[in-house]
Every structure is written in structure tokens, then in C-alpha cells.
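**Q** Sequence and predicted structure are below.
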Amino acid sequence: MRWCSKSRRSVECRKVSTPSTSHKSDAICVSLLLAASFFFSFFFLPFPHACFRLSGPGWDPADQTHHSSLGDSGFLIIRQGRVHYVSSPQTHAFNTPYQLAMIPKKLLAQSKQYGGGPLSDQPSDASISTHSLRNGDVVVFATDGVWDNLSSQEILRIVSDEMVMGKGWIVGGEAGTVPSPQLESLTSSTEGQGLQAAIAKAVVARAKSASINTKVDGPFAREVQRRFPSENFHGGKKDDICVVCMVVVEVSCLFLPKRFVKVVY
């Protein structure tokens, strides 16, 4: 799956040939259903400056996925009711993120004459990370309009509420939080329904509400106060808000000689 925030998105479904596993003469293959939902709210349309790529070698539940990101958009992986991983933003300085740009020749000439220069980063500058995904994992990709207004723990609470209320996670017992046996059916809808859509919409709604709140300081406001104590900056930060939510589902398929990966919005 390739997702370029603030600009466009595309979905890739690939069929991966792998040896089947036999058990009691039945050909059984295990695949991952990556159910994703896309939801956004734009205050304005800035120049795109973040891009993610998700892929996997064999798509076994134990296999790894590879992410590359550029800029201050990011993602987190939530596993069994806890934050498993949070990406770090790429910035040249505070509030100055990496971004892809095509600088006009006139501007380059002016900067050469008068000094200084516009920032322009390359795809090769992207941060690359590798992670394994498990059944029941929730991956939330979001632009800086989310991270400026919600912490990872706040997003965790939103995701947990939606997954538990939607019966995607079961809480309790010695195992703690575990995926529901009905997770596949709960995420199968691609028409703006399903758990993945509910999570994406809930995160967007909370981020937008926090961005226009002038009384409660968000992560961006707290960082401004830490770096510039004399600045009187409080509340949220209005910015572009875009969320992609992906729920990982392990599916057992009978009599299929190949493994399939399906990404649905």
C-alpha cells in the first residue's frame, strides 16, 4: 500500500505465490487481511510533504512490514490495548518538517544571489523502519494536524474505545486484550463502515475538536511553551487532518494453494 498524505492515495492488492501448508490432507493457507479506512478533514491544502509505503515479503503473520516516511506525518501501531510503536517526525528545526518540493528556478536564483535557500528534501531522505504485524493490530497513519493536537496515548484511548465497543477486541482474562473471533466480519465492509472506518472517523473528529479548542493545550502548544516560554500560545493548532486506519486480520483459507493479501478502504 502506498499513501501520500495531503495529496493522493492508492491501494495495491498483490497475490503472493508461496508453498501451501498441508494438514490432515487439507491444503491450508494463512493470509493477512489488512482492512484500512481513509478519512480526512482539511482546514486548508498545503503542499504535500509526507509519504508512506507499506509492503511485506511473504505476508506470513510473523513476517515483517516495511515503512518509509518523510516529514512530520507519522503512524503508530497498537497491539493488545497498548502502543507498540510510534514513528518520529523528521524536521530541520521546530515546526520545519522535511518536505518534497520542486523549487522554481527564479527562487533558486534569488537565493543564490542574496543568500539562504529554500528547503527541498528527496525521497532518499525518508526514514525507513521495519515491523511485524499480528492479528488484531491497529495501525493509524495520520498527518501533523493529528499529532499536533493528540498524543499517542489519546489516540490509544480512542482506538481502544472503538475496538472494544465494536467488539473487535475482547478485554479480560489472563490474556488481557485479545482479538475477537469475529474480527474479519467486523472489518469486511469497505463502504465507510466497519471498525477501521469508525476508528478513522473518531480520530479525525477528536483531532479537529482539539485543534479549535482554545483552552486545552495540545502537544504542539506544550512544545511551543517548552521551547519559547515567552510565547503566549495556548489551545490547539489548526492544520490539515488526515487519517488512514488499518486493522490486521489473520484469515485461514481452505484448499487455496497461494497466500493472498487484501487491502481495502
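**A** Everything's here; your move. Just so we're clear, the structure is a prediction, and the values are computed from it rather than from any experiment.
**Q** So what's the residue count around the nearest residue to residue 215 once chain neighbours are set aside?
**A** Excluding the flanking residues, the one nearest residue 215 by Cβ to Cβ, 6 or more residues apart in numbering is residue 235, at 6.3 Å. Yep, even glycine has a C-beta here, placed from its N, CA and C like the rest. Per other Cβ atoms under 10 Å, the neighbour tally for residue 235 reads 17.
**Q** Which of the three states applies to residue 235?
**A** Secondary structure state of residue 235, per DSSP: H, G, I helix; E, B strand; the rest coil, is coil.
**Q** For the spatially closest residue to residue 198 that is not a sequence neighbour, which residues are in contact?
**A** Nearest non-adjacent residue to residue 198, counting by Cβ to Cβ, 6+ apart: residue 162, 5.0 Å away. Residue 162 makes contact with 168, 195, 198, 199, 202 under the criterion Cβ atoms under 8 Å, 6 or more residues apart in numbering.
**Q** how close does the third one get to residue 186?
**A** Using Cβ to Cβ, to the nearest Å, we find residue 198 at a distance of 10 Å from residue 186.
**Q** backbone phi and psi for residue 93, please?
**A** Per-residue torsions, residue 93: phi -160, psi 180 (degrees, to the nearest 10).
**Q** and the helix or strand containing residue 184, what does it pack onto?
**A** For residue 184, the element it lies in under DSSP states H and E is helix 183-186. Here helix 183-186 touches helix 194-211, strand 241-254, going by 3 or more Cβ pairs under 8 Å, 6 or more residues apart in numbering; DSSP states H and E.
**Q** Repeat the analysis, applying 6 Å as the threshold.
**A** In terms of contacts (3 or more Cβ pairs under 6 Å, 6 or more residues apart in numbering; DSSP states H and E), helix 183-186 is packed against strand 241-254.
**Q** in its sheet, what does the strand it packs on sit against?
**A** Strand 241-254 has these partner strands in its sheet, going by DSSP bridges: strand 26-41 (antiparallel), strand 138-142 (antiparallel).
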